[in-house]
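1. here are the coordinates; sequence isn't available:
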DNA sequence: TCATTATATGCAAATATGCGAATATAATAA
DNA sequence: TTATTATATTCGCATATTTGCATATAATGA
């Protein structure tokens, strides 16, 4: 998905769920189902939130078998490196991030998508 | 106004009018009426857009006589320096910025608030 | 005092957004 | 093929946001 204008990018950032998703994606490429589980999101909410980030060009996804893996997009980080850095720091400092990362870690210990 | 959380700040950025205002405020402290005139905003739209930026803690204002002067807030730039830098660059690159700054320049040549 | 100017705000209509529930699609496995 | 799993999308509702218009407030100056 083509990188959007700043207004759209900021609008995509302006939501707690989407910021939590971006916080998890700072470290790893992640499968949709891992994000959904780690953040306790409904399936439709997870998918829709990711679609908004994807449409804004902030994340990119690749499909492998039945799984979709998402990560911060190369277009975004190369076009807006300063914003990307700012976002990284902001995400790290979100009150929700510590717990969310712990949840993610547990989920990945028990089961990874590839083994499901 | 107290600096808000990142979600609120990004939400405030997620609007074309507010980004245009921030683009003008990168260079100068400005009077509300200058912003209104330079961007051809309705009075209520200018006032309300500034209120949203103010409530998010992104800008601060001081009242002098009948005029209100706004600028990027110290709280914002010291708490989120990277974001502040990213914003500065993004604002400079907005397609609207060149014209808006020209308009502002003309307005300030003809009349400054202090002389009105 | 009253008139003027700058700014803020209440209200209402239009529009946008967020989210669950249901449904659709796509890939895999049996 | 059918069943299952992962993901995406559509629908509908509740809520939030945007914006103009009208009005209110506040400062100034005559």
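-> Noted; the coordinates are in hand. Just so we're clear, the structure is a prediction, and the values are computed from it rather than from any experiment. Numbers count the residues shown, from 1 in each chain, chains lettered A, B, ... in the order given.

2. you'd agree residue A:95 is in a strand?
-> No: judged by DSSP: H, G, I helix; E, B strand; the rest coil, residue A:95 forms no part of a strand; its state is coil.

3. Now do it, the pLDDT please.
-> pLDDT for residue A:95: 97.

4. Which phi and psi values does it adopt?
-> The phi and psi torsions at residue A:95 (degrees, to the nearest 10) take the values phi -60, psi -30.

5. OK, contacts around it?
-> Residue A:95 makes contact with no residue under the criterion Cβ atoms under 8 Å, 6 or more residues apart in numbering or on different chains. Where C-beta positions appear, they are placed from N, C-alpha and C, glycine not excepted.

6. For residue B:12, see how far away it is.
-> 19 Å (Cβ to Cβ, to the nearest Å).

7. Any buried residues in stretch A:32-50, and which?
-> Residues of stretch A:32-50 classed as buried: A:32-39, A:41, A:46, A:49-50 (neighbour count, 16 or more other Cβ atoms under 10 Å in any protein chain shown).

8. With adjacent residues omitted, what lies nearest to residue A:62?
-> Excluding its sequence neighbours, the residue lying closest to residue A:62 (Cβ to Cβ, 6 or more residues apart in numbering or on different chains) is residue A:69, at 5.4 Å.

9. Look up which residues are beta-bridged to the one you found.
-> Residues in a beta bridge with residue A:69, per DSSP bridges, are residue A:31, residue A:62.

10. Residue A:34 is in contact with that one, correct?
-> No: Residue A:69 lies out of contact with residue A:34 (Cβ atoms under 8 Å); the separation is 9.2 Å.
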